[in-house]
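Undergrad: sequence first, then the predicted structure, then my questions.
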Amino acid sequence: MKWHVFRTISLLSLTLCLAIVACSRFAATDGLVNESDYNVNFRLRLHVDRDRLRANEPVTATLSLTNIGKQAQAIESQGTPVLNLYIEDIVSHENYATWSVEHPDLVTHRLQLQPGESKTIQLTWILEPEDAFSGKTVSINGLLYERSTPVKGLDVLLCVNSC
């Protein structure tokens, strides 16, 4: 994984993420959502089931790719999963969890989707008590890769305890 590219994508979407965090107190009870289209054929959607982290409580992130076009579409990434989820500390960039590492048997390098069809991956993680200091911010990143390059990234930032 080329972390400098990953961090660049994270920084590019930081403004949107900060807006999502700022609005989290008004978020629906079922968590936070960030979605965006990639070219005219795909929609990427990241859903996180809570708006704040607490020690020993699970958080589940779901990343979906949907074909919004009118024809079957394929997307391929050699050597890198087409879809991946990462959970990391935004200051230290410590990686807490990665979907492809935890689910290597589910990794795919090519997706063929019919119109309206979706592919979804999910990652559940529990914040350890020693990492749960108030005000800390954790980034949940969903990435779409094409030809081993991240082409679309979505982030949701979650505060630990209170911000």
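TA: On my side now, so go ahead. Residues are numbered from 1 along each chain as shown.
Undergrad: if I've got this straight, Ser100 is in a helix?
TA: Yes. Under DSSP: H, G, I helix; E, B strand; the rest coil, Ser100 sits within a helix.
Undergrad: contacting residues around it?
TA: For Ser100, the contacting residues are Pro81, Asn84, Val107, by C-beta atoms under 8 Å, 6 or more residues apart in numbering. Where C-beta positions appear, they are placed from N, C-alpha and C, glycine not excepted.
Undergrad: Val59 bridge partners, please.
TA: Trp125 (DSSP bridges).
Undergrad: show me where the chain has its strands.
TA: 32-38, 42-48, 52-53, 58-67, 73-76, 83-89, 95-98, 110-113, 118-126, 137-146, 149-160 (DSSP state E).
Undergrad: re earlier: between the contacts of Ser100, which is closest to Val160?
TA: Asn84 (23.2 Å; C-beta to C-beta).
Undergrad: hmm, Ala97 and the closest one touching each other?
TA: No. Asn84 is beyond contact range of Ala97, at 11.0 Å (criterion: C-beta atoms under 8 Å).
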